[in-house]
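>>> Return atomic coordinates for the entry below.
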Amino acid sequence: MGSIPTSDFDTIVFDLGNVLIKMPPQAPEATETSSIPTLRRLISTSTWMRYECGELDETQCYEMLGKKFGLSPSAIAKVISEARDTFEYDTAILSWIRKLMEDTHGSLKFIATWRIPIPEHAVLYKRWRDELSSIFDEIFTSSAIGIRQPDLGFYRHVLKATGRDSRKTILIDSDVQNLVTACSLGMHTISYQTLPALSRTMKTILYDPLIRGDIFLNRNAKHLHPETDCGTVLVENLVQLLILDVTGNENLIVLQIPDYIHQTTWNYYIEQPSFTNMNPPNDLDTTSLALQVMPPDNDTITSMLNNMLKYINPDGIPYVKHPRKFQRKSTKQKLITTLPRYTTIARVLASTPSSVSIFLPPSTSISGVTNSPKRATGYGIFFSIAHICTVHITTAAQNGFSSGYIDLSNIPPTIPTSKNNLHHFSNSESRNG
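Predicted coordinates:
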């Protein structure tokens with residue numbers, strides 16, 4: 001991770017039986033009606049629990065279990081031996097712990113707890129001695145302590161024997177009872193589900209998010225571009241400007257800066273986006289952010305702001321997009337509007353010279369289309385693929401249209417359009433998109 005942990009925690013306790021050691025999925029499982037009990041049935045008995053605490057030796061345990069299930073002690077021993085042979089430890093978790101040890105530079109103490117009888121521990125520890133001893137500073141077993149989890153006495157013993165402060169200790173376990181008991185003693189607990197989830201949680205707990213963020217930015221310098229959910233990278237200016245505004249570090253970003261002579265406004269994109277064939281126009285949103293983060297000389301700023309004031313809607317609010325010529329009053333010019341997503345538009349009949357250009361979501365359909373659908377970007381910094389369909393309209397009272405223009409007051413409810421999202425452009429502006 002490349003940084004020293006910044007939290008106050010100094011101890012991590014892993015429950016081996018619930019986190020590290022596992023029985024392979026292919027291990028046979030008998031049914032509850034089977035005459036031969038599985039290991040899971042055996043260890044759920046009160047006899048086995050006494051065995052885990054060291055109250056019973058192996059012979060006593062097998063005899064008592066044999067009587068309970070109507071089997072000989074040797075049959076019980078065989079079930080336990082065969083099941084034990086299927087046990088294995090999770091190599092991915094061990095590797096993750098080793099990496100965590102390296103990243104924390106010895107600042108953390110790693111302790112293991114294990115609810116297991118003495119004979120079973122002797123066999124398994126002999127098998128895994130090298131792996132376990134290389135990771136854990138100490139291993140505490142229920143049979144050695146004489147108390148099994150989730151009893152309070154078990155965790156009190158671990159804390160006292162190691163001299164650790166419960167408030168600086170983390171327990172990682174999947175057993176809710178164990179977690180609740182440890183939490184009642186002041187320990188921080190993490191319910192283990194998956195290794196990726198555990199890794200994320202531990203990073204959040206152990207490392208300062210500001211330090212982690214700084215490491216991420218520097219590691220990915222010059223490549224800090226947004227990415228769509230389908231993996232398309234958008235090489236753009238806006239996020240670069242935001243990063244620069246927060247960090248003040250120009251070494252992290254790449255920008256395409258206008259010369260402020262032939263071009264005074266900024267474009268959201270640095271590279272042509274792959275999802276459209278259109279040339280995205282410069283926009284006032286990216287330009288405004290650039291004026292704040294990387295202001296040119298005062299004369300240029302004044303000129304740009306005055307220019308922006310030419311592109312406001314009837315309410316006096318500037319448009320995000322930067323149209324070259326804006327006309328507010330003509331209703332018999334070509335019209336361009338952005339409609340919300342819906343499935344079908346009311347039928348439009350074709351017979352008059354007037355036309356309307358409509359930005360449609362890809363899934364919409366309309367009759368009277370006179371040109372092939374084209375892809376275009378929407379308004380603002382959030383660009384979406386849409387279809388441009390040019391349709392001719394004629395008088396059609398049933399659809400609320402009158403010849404030559406759209407009468408917004410008569411649009412039927414099936415067309416969710418309002419005056420606020422209708423933008424009037426000149427004929428040349430409509431043709432240029």
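
>>> Which of the helices or strands spans residue 281?
For residue 281, there is no helix or strand it lies in under DSSP states H and E.

>>> again, but for residue 179
helix 176-184.

>>> Can you name the element that comes right after that helix?
By DSSP H and E, the next helix or strand past helix 176-184 is strand 188-191.

>>> what residue ranges in the chain score low on pLDDT?
Along the chain, the parts satisfying pLDDT under 70 run over 1-6, 24-36, 320-433.

>>> What residues sit buried inside stretch 140-155?
Within stretch 140-155, the residues scored as buried using 16 or more other C-beta atoms under 10 Å are 140-143, 145, 147-151, 154-155. Where C-beta positions appear, they are placed from N, C-alpha and C, glycine not excepted.

>>> next one: stretch 281-292
Going by 16+ other C-beta under 10 Å, stretch 281-292 has these buried residues: 282-291.

>>> any idea which of the residues you listed is closest to residue 126?
residue 289 (65.1 Å; C-beta to C-beta).

>>> Could you double-check that that closest one lies in contact with residue 238?
Yes. Applying C-beta atoms under 8 Å as the test, residue 289 and residue 238 come out as touching, 6.5 Å apart.

>>> Format the buried residues of stretch 140-155 as JSON lines; extra columns: secondary structure.
Formatted as JSON lines, the buried residues of stretch 140-155 follow (DSSP: H, G, I helix; E, B strand; the rest coil):
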{"residue": "140", "secondary structure": "strand"}
{"residue": "141", "secondary structure": "strand"}
{"residue": "142", "secondary structure": "helix"}
{"residue": "143", "secondary structure": "helix"}
{"residue": "145", "secondary structure": "helix"}
{"residue": "147", "secondary structure": "coil"}
{"residue": "148", "secondary structure": "coil"}
{"residue": "149", "secondary structure": "coil"}
{"residue": "150", "secondary structure": "coil"}
{"residue": "151", "secondary structure": "coil"}
{"residue": "154", "secondary structure": "helix"}
{"residue": "155", "secondary structure": "helix"}
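
>>> And the helices in the stretch 1-150 of the chain, which stretches?
39-42, 46-52, 58-69, 73-85, 91-104, 118-133, 142-145 (DSSP state H, counting those that start in this stretch).

>>> Give me the contacts around the second one.
I take that to be helix 46-52. 42-43, 56, 58, 61, 64-65, 68, 115-117, 142-143, 148 (C-beta atoms under 8 Å, 6 or more residues apart in numbering).

>>> can you map out the strands along the protein?
11-15, 21-22, 88-89, 109-114, 138-141, 169-173, 188-191, 335-338, 355-360, 374-376, 386-392, 401-402, 405-406, 422-424 (DSSP state E).

>>> buried ones in stretch 248-255?
Counting neighbours by 16+ other C-beta under 10 Å, one finds that the buried residues in stretch 248-255 are 252-253.

>>> next one: stretch 207-222
Neighbour-count burial for stretch 207-222, counted by 16+ other C-beta under 10 Å, picks out 207, 212, 217.

>>> Same list as before, those that is, but in JSON lines and with distance to residue 232 included.
Shown next, in JSON lines, are the buried residues of stretch 207-222 (distance: C-beta to C-beta, whole Å):
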{"residue": "207", "distance to residue 232": "31"}
{"residue": "212", "distance to residue 232": "26"}
{"residue": "217", "distance to residue 232": "22"}
